[in-house]
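Enquirer: predicted model and sequence follow; I will ask about them next.
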Number of protein chains: 2
Amino acid sequence: MSITLKDVARFCGVDTSTVSRALHNDVRIKESTKQKVQKAAERLGYRPNIAARLLVEGHSHIFWFLVPTVGTSVDSRISEYASSHAARNGYDTAIVVHHGNQTDFERLTNNMGSGLAAGAIINRRDISDISKIHRLVEKKFPVVFIDVPVDSTNTISITTDNSLASKELVTRCLEAKASRFVLLFDPKRNIVEQYRYNAALDTIARNGAALIDANDPGAVKDFFNQNGTVAVLASAQSEIQAFFRSHAVAEPGLTIVAGCFDDWYGEPNPATTVFVAIQDYRSIAELAVDTLLGIIQGNKMTPMAPIVTLPIAEYRVVHNHFTT
Amino acid sequence: MSITLKDVARFCGVDTSTVSRALHNDVRIKESTKQKVQKAAERLGYRPNIAARLLVEGHSHIFWFLVPTVGTSVDSRISEYASSHAARNGYDTAIVVHHGNQTDFERLTNNMGSGLAAGAIINRRDISDISKIHRLVEKKFPVVFIDVPVDSTNTISITTDNSLASKELVTRCLEAKASRFVLLFDPKRNIVEQYRYNAALDTIARNGAALIDANDPGAVKDFFNQNGTVAVLASAQSEIQAFFRSHAVAEPGLTIVAGCFDDWYGEPNPATTVFVAIQDYRSIAELAVDTLLGIIQGNKMTPMAPIVTLPIAEYRVVHNHFTT
DNA sequence: CTGTTAGCGCTTTCAG
DNA sequence: CTGAAAGCGCTAACAG
């Protein structure tokens, strides 16, 4: 068995409550006993039993960060910032993966509600049914949604202004003289894709550029076989790259540009330039944590909109260093 | 307040112990009361208080996966597999980030030892002082190290056979006719880099190929300005890419190949081919989880070596689709 | 300044 | 088959 308060108390010849208070730096405890107790605790290797503390206090100091997967830029960056910011406020962060799997999601949701977590930041991407969460929220469990918003009056979502970002990416491509576009956003996948698709579509139409259907092989072939400048837009690098690899040919008179979100690794070939909308991970994370803290402390000072959208942090431009 | 055992008990007109047993499907409870209790618990929305359960049972069913950062391939892949495999064995996994920061690492280590975690899988990359962990291990806290091994008799580490992998990468480059090498491994950074560096060095020397010093600007310039085939090896894509971008020129008579670990995104230009050693994330993860379970169950059946090395899962070859 | 006491919600003997 | 009672380790009134 490990060392408990009782052991330290016996060792020091005081009561457990005195030890507890001494270790919490209670002002009422004499400095000398504090020293004595703290030394003893250190020497005996005392570690508080979190479960017992939790049971008494009724709430933990751990946030859960519920994500579909680690390993995507959004989730990993936001969780890094969130865990740092939470730590600054005395909370630890546990990142928990739901694999986009409804069963896992609900099991984890149950566990959250069982007192292990003080609150949760949730990316519900790939999860369709979040009624369990709504039940938790009704029971005052603090929850903030992130990235993929939820449209409901009693929840708060924090996300990037995807419409604005998508519009900006199209604009950059237009400035780079693109006159024909392929959009790889899938509006049926989720609301984020939908925003990105619609805004891009709208901007393309407004500027009289041409939209080519990515699913029409003839049109796509034609897309890469004319002169001029073309643009390919998607949420992720991998989608653009897969599209290039299955369709693109390096034509002398053709210039290819691309636009995507979050990140671009490796060289952009055959594209000459890629515009990358880097989300403001830090602001999203810190706002999520602050909001969660506000809810926990019953802070109704700042009545927030159900969905808060933040602008893109930076439009990074990746150039081709090794021309095709 | 939330619904407790007592509430359910009162609602059913039975004792709390009966409710507890009914919900655990205890054989001694009459089928009819079981039904009644389970229905009531469901209807009232009863959720067990994990803290209370933990307090009496003395151990949780949560593994901690302690990583320097999420967002690198190794950590994210392994944690995905580990969390799935743990779930199959009735354990949840919390991924906790130590940011390669000694203070965070030790605080989290303390928390682990406080009963919240049943055991931990640790990637101690970027953490120099792990004496706290050794103390935990002495107190029988189940720990398995992963990726970056620890050489000590009372801990178990699971890692890739980096020497073998590095040797293989060099061999592939040699087969691709590379005669001059640059190694970007940093043997001073950690033991993994050291293994990779030494094995590569050895294989290059054995085969009579030339090693060029990456820190000598003149030598590097010369490296890219001769005809023939050259190879650049590193642990991560980003290092190779940065090296290319600051030094490489596309020369007609020069062929560039590269070798690295874990992943390659985007196009490989100016390299024509990249050999990627993909670690066996799944085996590493599952072995780590199984080992942890073994330790927890006091399973001394399989006396393991302190460091277990696994072979690479796959050598992926990435070709240049859009030639320079 | 410190000890006594009660109780957090649950599991688990021990009785019956 | 079920109830009574103890106790996990800790915190927080309440006394003194």
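Expert: Sure thing, it's come through.

Enquirer: quick one: low-confidence ranges for the stretch 101-250 of chain A?
Expert: A:248, A:250 (pLDDT under 70).

Enquirer: nearest to DNA strand D: which residue in it?
Expert: Taking CB to the nearest atom of the strand, DNA strand D has its nearest neighbour within the stretch 101-250 of chain A at A:Gly115, 12.4 Å off. C-betas here are computed from N, CA, C, even on glycine.

Enquirer: wait, isn't that residue in contact with B:Ala51?
Expert: Yes. A:Gly115 is in contact with B:Ala51 according to CB atoms under 8 Å; the separation is 5.0 Å.

Enquirer: once you drop chain neighbours, what's closest to the closest residue to DNA strand C within the stretch 151-300 of chain A?
Expert: DNA strand C sits closest to A:Ile296 of the stretch 151-300 of chain A, with a gap of 17.8 Å, by CB to the nearest atom of the strand. In this structure, A:Ile296 finds its nearest non-sequential neighbour in A:Pro142, 5.1 Å apart by CB to CB, 6 or more residues apart in numbering or on different chains.

Enquirer: need phi/psi at that neighbour.
Expert: Main-chain dihedrals, A:Pro142, degrees, to the nearest 10: phi -70, psi 120.

Enquirer: tally of neighbours for it?
Expert: Neighbour count for A:Pro142, taken as other CB atoms under 10 Å in any protein chain shown: 22.

Enquirer: check what pLDDT the residue of chain A positioned farthest from its centre gets.
Expert: The C-alpha centroid of chain A is most remote from A:Gly13, which lies 50.2 Å away (CA atoms, centre = their mean). Per-residue confidence (pLDDT) for A:Gly13: 88.

Enquirer: show me what contacts it?
Expert: A:Gly13 makes no contacts at all, as judged by CB atoms under 8 Å, 6 or more residues apart in numbering or on different chains.

Enquirer: and the gap between it and DNA strand D?
Expert: According to CB to the nearest atom of the strand, to the nearest Å, A:Gly13 stands 16 Å off from DNA strand D.

Enquirer: could you measure from that residue over to chain B?
Expert: In this view, A:Gly13 and chain B are 25 Å apart by CB to the nearest CB, to the nearest Å.

Enquirer: and for A:Ile191?
Expert: Applying CB to the nearest CB, the value for A:Ile191 to chain B is 24 Å.

Enquirer: my guess is that residue contacts A:Pro149, does it?
Expert: Yes. In this structure, A:Ile191 is within contact of A:Pro149 by CB under 8 Å, at 6.5 Å.

Enquirer: compare neighbour counts for those two and give me the winner.
Expert: When neighbours are counted by other CB under 10 Å, A:Ile191 and A:Pro149 differ, and A:Pro149 comes out ahead with 23 against 17.

Enquirer: what residues are bridge-paired with the closest residue in space to that one that isn't next to it in sequence?
Expert: With sequence-adjacent residues excluded and distances taken as CB to CB, 6+ apart, A:Pro149 is closest to A:Ser157, at 3.5 Å. Here A:Ser157 sits in beta bridges with A:Phe145, A:Ile307, going by DSSP bridges.

Enquirer: tell me the contacts of A:Ser157?
Expert: By CB under 8 Å, 6+ apart, the contact list for A:Ser157 reads A:Val144, A:Phe145, A:Ile146, A:Val148, A:Pro149, A:Val150, A:Asp151, A:Pro306, A:Ile307, A:Val308.

Enquirer: for the fifth one, helix, strand, or coil?
Expert: This means A:Pro149. Of the three states, A:Pro149 takes coil under DSSP: H, G, I helix; E, B strand; the rest coil.

Enquirer: for A:Glu251, same thing?
Expert: Quick answer, by three-state DSSP: A:Glu251 is coil.

Enquirer: ok, it touching A:Phe223?
Expert: No. Using CB under 8 Å, A:Glu251 makes no contact with A:Phe223, being 10.8 Å away.

Enquirer: looking at the two, which is more packed in?
Expert: A direct count of neighbours by other CB under 10 Å for A:Glu251 and A:Phe223 places A:Phe223 higher, at 22 against 14.

Enquirer: for chain A, which segments count as helices?
Expert: Using DSSP state H, the helices of chain A run over A:5-12, A:16-23, A:31-44, A:50-57, A:73-88, A:102-111, A:131-138, A:162-175, A:191-206, A:217-224, A:237-247, A:281-296.

Enquirer: about what we covered before: pick the one among the contacts of A:Ser157 closest to DNA strand C.
Expert: Nearest to DNA strand C among those is A:Val144, at 25.1 Å by CB to the nearest atom of the strand.

Enquirer: how many neighbouring residues does that closest one have?
Expert: A:Val144: 25 neighbours (other CB under 10 Å).

Enquirer: separation between it and A:Tyr91?
Expert: Between A:Val144 and A:Tyr91 the computed distance is 13 Å (CB to CB, to the nearest Å).

Enquirer: swap in A:Pro187?
Expert: According to CB to CB, A:Pro187 and A:Tyr91 sit 37 Å apart.

Enquirer: the two: which is more packed in?
Expert: Taking other CB under 10 Å, A:Pro187 and A:Tyr91 do not tie; A:Tyr91 has more neighbours (21 against 15).
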